[in-house]
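Asks: coords below, sequence missing:
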Ligand code: PRP
Ligand code: URA
């Protein structure tokens, strides 16, 4: 059964409020997204497996824990997902990075694929699919479909802001994909933008509007 984890730590909520404000410019928006991603990373990586290893401290030999060497992949949905890569990479530097290029057609709001480059062994990796916005869920389900078609089995999705409609769409098609999100907002507006949301994440990140 699909799980939705809301990462509502006060620091995340405070930084998200700053990101929502129209007056926040691209530089701050980018920095805040990286900071929030790192804070969310704590919750998202909580169930990674550990193993026991023997190490030597300056005092004596002891048993300690290390990550079980499970292979990970971070896959941003372009463009806005790029804003969440640095935060994750700084936590898990050994992860490989794949890219899925999708944009929403302005008329239909349906996702259009324009790029897909994934690690060859994606089927053996735990995939962290990242995108700040989960609106209708069209882009997310298209990305999961691409990942599945290339053999990915374990996928978790990490968003900053989600609409209930987007969560329901991913739930319905991929009940096994867990979703981590900093906020579930109220709804979508007539243009399929998240309300209250933060506007167009890609444009705000890259200053294209
Ligand atoms: C945004 C966002 C998601 C998508 C969410 O990307 O980053 O990928 O919309 O909407 P959906 O859930 O209704 O599919 P956009 O298509 O604006 O492309 P961009 O990141 O290149 O700006
Ligand atoms: N894409 C965005 O960037 N923002 C929204 O609110 C919806 C889709």
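Replies: Here it is on my side, so go on. The structure presented is a predicted model; accordingly, all values stated were derived computationally and were not measured. Ligands and ions are numbered 1, 2, ... in the order given.
Asks: Please confirm that residue 101 is located within a strand.
Replies: Yes. With DSSP: H, G, I helix; E, B strand; the rest coil as the criterion, residue 101 is part of a strand.
Asks: and it, what are its bridge partners?
Replies: Going by DSSP bridges, residue 101 is paired in beta bridges with residue 78, residue 115.
Asks: So it versus residue 79, what's the distance?
Replies: 8 Å (Cβ to Cβ, to the nearest Å). (Glycine included, C-beta is placed from N, CA and C.)
Asks: same thing with residue 198?
Replies: From residue 198 to residue 79 the distance is 15 Å (Cβ to Cβ).
Asks: Can you pick out the residue with more neighbours from the two?
Replies: When neighbours are counted by other Cβ atoms under 10 Å, residue 198 and residue 79 differ, and residue 198 comes out ahead with 24 against 18.
Asks: Around the residue lying closest to that one once chain neighbours are set aside, how many other residues sit close by?
Replies: Counting by Cβ to Cβ, 6 or more residues apart in numbering, residue 20 is the residue found nearest to residue 198 once chain neighbours are left out, at 4.5 Å. By other Cβ under 10 Å, the residues close to residue 20 number 16.
Asks: For residue 20, give me phi and psi.
Replies: For residue 20, the backbone dihedrals are phi -70, psi -30 (criterion: degrees, to the nearest 10).
Asks: distance of it from residue 13?
Replies: Remark: distance between residue 20 and residue 13 (Cβ to Cβ) = 11 Å.
Asks: Point to the residue nearest the middle of this protein.
Replies: Centroid-nearest residue in the chain, with Cα atoms, centre = their mean: residue 130, separated by 2.4 Å.
Asks: show me the contacts for the single nearest residue of the chain relative to ligand 1.
Replies: Here the chain gets closest to ligand 1 at one residue, residue 202, 2.3 Å apart by Cβ to the nearest ligand atom. Contacts for residue 202 (Cβ atoms under 8 Å, 6 or more residues apart in numbering) come out as 79, 80, 208.
Asks: before we move on, which element is residue 140 in?
Replies: helix 138-149 (DSSP states H and E).
Asks: Residues of this structure that sit close to ligand 2?
Replies: Within the chain, the positions near ligand 2 by Cβ under 6 Å from any ligand atom are 80, 133, 135, 193, 194, 197, 200, 201, 202.
Asks: Now the buried members of those.
Replies: 80, 133, 135, 193, 194, 197, 201, 202 (16 or more other Cβ atoms under 10 Å).
Asks: Check the fourth one and give its pLDDT.
Replies: In other words, residue 193. Predicted confidence (pLDDT) at residue 193: the value is 97.
Asks: mean confidence for the top strand by length along the chain?
Replies: Identified as the longest strand of the chain according to DSSP state E is strand 154-162. Mean per-residue pLDDT for strand 154-162: 97.
Asks: elements contacting the next helix-or-strand element following it?
Replies: Under the assignment DSSP H and E, the closest C-terminal helix or strand after strand 154-162 is helix 164-173. Applying 3 or more Cβ pairs under 8 Å, 6 or more residues apart in numbering; DSSP states H and E, one finds that helix 164-173 contacts strand 133-134, helix 138-149, strand 178-184, strand 187-188.
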